[in-house]
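Participant: got a sequence here, can you model it:
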Amino acid sequence: MSVVLLICRVPIMLLFLCGISGVAAAKPKDKEQVLLSQQELTDKHQKALSLILESPIQALALFDEIIAADAHFCLAYVNAGAVLEMQYRYEQAQNRYVNGLRVCEKTPELYQSLVGLYLRDKNINLAEKYMQQAEKNIGMVPIYEWIKIQVLLAQKKYEEVLKIALSSFRKDPKNIEILNALAFAYIGLDKADLANFTLQNALAAQPENATIYHALGSLALLQNDKTRALSMFKKAVYFRPDSVFSWLNISQLQLELQDYANAFESASIANQLAPQLKDAALVYAHASRGVGRYMESEKIYLRLLAANSNDASVLYDLGVFYLMSPLSYLREDIRFKKSQEYLSLAIDAVKVQKNSNFTLKQAEQYLKEASIKKDQALKKQVPGKPSSMPTAKVSS
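Facilitator: Numbers count the residues shown, from 1 in each chain. Now for the predicted structure:
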């Protein structure tokens with residue numbers, strides 16, 4: 001099971017009052033005219049901020065209008081990217097942040113957002129690159145400390161995380177993100193009791209904080225306590241019903257417990273909340289297979305594969321799908337052959353991709369099983385028996 005160890009990173013920068021920070025323009029020819037223009041842009045930015053939750057599409061359009069009018073209005077890039085992250089359009093969000101840094105290299109929030117995205121994709125090298133750029137361009141400000149903590153956690157440099165996080169905690173003992181970082185550092189150092197103690201203290205301060213419950217669920221998973229993990233993730237979505245990653249972990253746990261009906265319901269919620277998120281689609285496809293909705297499951301995998309034909313995780317899941325699913329519309333030997341083909345491609349892909357939901361050993365075991373079952377199916381095949389229906393096709 002792939003566990004989402006979420007350290008809270010809220011992308012919406014609602015507290016930024018542009019016009020106070022983040023706005024830098026070229027020297028004007030007509031000072032009064034440009035000052036008026038800047039005020040208009042600031043007013044538009046404030047309006048966009050007020051629309052983020054109510055009408056994110058309109059908010060994004062306004063942020064992009066601001067960027068088009070003044071490429072140095074730095075926080076417009078931050079907030080445009082934040083809206084795109086809300087919609088799980090991560091590649092477009094990344095483009096906004098990178099473009100912003102080309103003209104706003106002194107804006108800490110751009111580094112924070114971009115590093116967070118790269119870490120989500122497990123691209124630690126790029127995350128470290130921008131962390132180093134942040135140190136050079138913005139110095140040891142609090143946001144840089146948080147950026148460094150996230151990168152060090154991803155690099156499993158837990159002792160260094162403890163040193164920085166404890167220093168930050170002494171300055172701000174109510175900072176829940178720092179407490180979460182401390183907890184995950186303790187987990188990495190095999191100090192589960194200290195991790196739990198830290199999270200319980202955080203929970204005492206904020207008993208309705210969904211992020212803390214998610215972290216407690218992740219801790220329980222790492223301790224192989226699936227019952228407690230499921231309980232904690234359910235509390236996370238109780239306090240924050242739109243917590244996609246908590247819903248995904250709930251669904252995956254329910255799948256492991258063979259509670260397919262509830263797993264499908266949980267996966268459906270996650271998929272509705274984040275229809276463009278690959279992880280949500282993969283879990284939904286798996287849950288669909290669990291309740292016997294095979295054609296729907298197959299269509300999802302094929303759609304994801306059409307978007308990226310070299311995605312190791314999709315290739316692997318599709319190979320397992322053909323291995324495990326009793327498809328009435330596909331002859332057994334053909335089904336197992338497809339399983340072989342996709343698992344072979346997954347094995348090739350995972351050798352060069354770090355961000356996948358399986359191990360090489362797992363794929364090789366399934367590939368061996370598919371080969372044996374294909375040979376068995378061929379031996380018992382009735383001569384001349386056709387495939388009754390074609391493989392599911394992705395609608396255009």
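Participant: which helices and strands sit right next to the host helix or strand of K44?
Facilitator: Assigned by DSSP states H and E, K44 belongs to helix 31-51. Secondary-structure packing of helix 31-51 (3 or more CB pairs under 8 Å, 6 or more residues apart in numbering; DSSP states H and E): helix 56-69, helix 74-86. Using the backbone N, CA and C atoms, a C-beta is placed for each residue, glycine as well.
Participant: and those as TSV, adding mean pLDDT?
Facilitator: Listed next are the helices and strands packed on helix 31-51 as TSV, based on pLDDT from 0 to 100:
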stretch	mean pLDDT
helix 56-69	93
helix 74-86	92
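Participant: which one of these is the most hemmed in?
Facilitator: Highest mean neighbour count among the helices and strands packed on helix 31-51 (mean count of other CB atoms under 10 Å): helix 74-86, with a mean of 26.
Participant: helix 56-69 and the following helix or strand past that helix, what's the angle between them?
Facilitator: Later in the chain than helix 74-86, the nearest helix or strand by DSSP H and E is helix 90-103. Calculated by axes from the mean of the first three to the mean of the last three CA atoms, to 10 degrees, helix 90-103 forms an angle of 30 degrees with helix 56-69.
Participant: list the buried residues in helix 90-103.
Facilitator: 90, 93-94, 96-97, 99-101 (16 or more other CB atoms under 10 Å).
Participant: then the helix or strand hosting L179 to CSV, C-alphas only?
Facilitator: L179 belongs to helix 176-188 when assigned by DSSP H and E. What follows is helix 176-188, C-alpha atoms only, in CSV (Å, rounded to 0.1, in the frame of the first residue of the first chain):
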residue,chain,number,x,y,z
ILE,A,176,1.4,22.7,13.8
GLU,A,177,3.5,22.2,10.7
ILE,A,178,6.7,22.2,12.8
LEU,A,179,5.1,19.8,15.2
ASN,A,180,4.3,17.5,12.3
ALA,A,181,7.8,17.7,11.0
LEU,A,182,9.2,16.8,14.4
ALA,A,183,6.8,13.8,14.6
PHE,A,184,8.0,12.5,11.2
ALA,A,185,11.6,13.0,12.1
TYR,A,186,11.0,10.9,15.3
ILE,A,187,9.3,8.3,13.1
GLY,A,188,12.4,8.2,10.8
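Participant: give the other helices and strands that that helix contacts.
Facilitator: So helix 176-188, by 3+ CB pairs under 8 Å, 6+ apart, packs with helix 142-154, helix 158-171, helix 192-205, helix 210-222.
Participant: among the ones you listed, which is the most enclosed?
Facilitator: It is helix 210-222: most buried of the helices and strands packed on helix 176-188 by mean count of other CB under 10 Å, with a mean of 24.
Participant: following element in sequence after it, please.
Facilitator: helix 226-239.
Participant: what angle do helix 192-205 and that following helix make with each other?
Facilitator: Going by the same axes, to 10 degrees, helix 226-239 makes 20 degrees with helix 192-205.
Participant: in the helix or strand following helix 226-239, what counts as buried?
Facilitator: Going down the chain from helix 226-239, the next helix or strand is helix 244-256, by DSSP H and E. The neighbour-count check on helix 244-256 (16+ other CB under 10 Å) flags 244-255 as buried.
Participant: out of these, which one sits closest to Y329?
Facilitator: Minimum distance to Y329 across the buried residues of helix 244-256 is 23.8 Å, recorded for L255 (CB to CB).
Participant: touching, that closest one and A263? I think so.
Facilitator: Yes: because the distance of 4.5 Å satisfies CB atoms under 8 Å, L255 is recorded as touching A263.
Participant: shared neighbours, the two?
Facilitator: Residues touching both L255 and A263 (CB atoms under 8 Å, 6 or more residues apart in numbering) are 287, 290.
Participant: just read off the phi/psi values of the residue nearest to Y294 when sequence neighbours are not counted.
Facilitator: Once flanking residues are discounted, Y294 sits nearest to S325: 5.1 Å by CB to CB, 6 or more residues apart in numbering. Note on S325: its backbone torsions stand at phi -100, psi 120 [degrees, to the nearest 10].
Participant: what sits against A229?
Facilitator: A229 neighbours (CB under 8 Å, 6+ apart): 217-218, 220-221, 249, 253.
Participant: put together CSV for those, with pLDDT and distance to S356 on each row.
Facilitator: Converted to CSV, these look like this (pLDDT from 0 to 100; distance: CB to CB, whole Å):
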residue, pLDDT, distance to S356
G217, 94, 22
S218, 89, 19
A220, 92, 24
L221, 90, 19
N249, 96, 18
L253, 97, 20
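Participant: could you dump these into a markdown table and include distance to L152?
Facilitator: Putting the contacts of A229 into a markdown table (distance: CB to CB, whole Å) gives the following:
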| residue | distance to L152 |
| --- | --- |
| G217 | 23 |
| S218 | 18 |
| A220 | 24 |
| L221 | 22 |
| N249 | 24 |
| L253 | 29 |
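Participant: farthest-separated two in those residues?
Facilitator: S218 and L253 (11.6 Å).
Participant: point out where this structure drops to low pLDDT.
Facilitator: 1-36, 354-355, 382-396 (pLDDT under 70).
Participant: identify the residues contacting stretch 174-183?
Facilitator: 7-9, 146, 149-150, 153, 161-162, 165-166, 168-169, 172, 195-196, 198-199, 201-202, 205-206, 209, 211-212, 215, 219.
Participant: quick check: chain neighbours aside, which residue is closest to N249?
Facilitator: Per CB to CB, 6+ apart, closest to N249 is F233, 4.9 Å.
Participant: right, and the one you found touches A215 too?
Facilitator: No: judged on CB under 8 Å, F233 makes no contact with A215 at a distance of 10.4 Å.
Participant: domain assignment for the chain?
Facilitator: The chain breaks down by automatic domain parsing into domains covering 226-291, 296-396.
Participant: residues contacting the residue nearest to N196 when sequence neighbours are not counted?
Facilitator: Leaving aside its chain neighbours, N196 sits nearest to L219 (6.4 Å; criterion: CB to CB, 6+ apart). Residues near L219 by CB under 8 Å, 6+ apart: 183, 187, 192, 195-196, 199.
Participant: fine, thanks again, bye for now.
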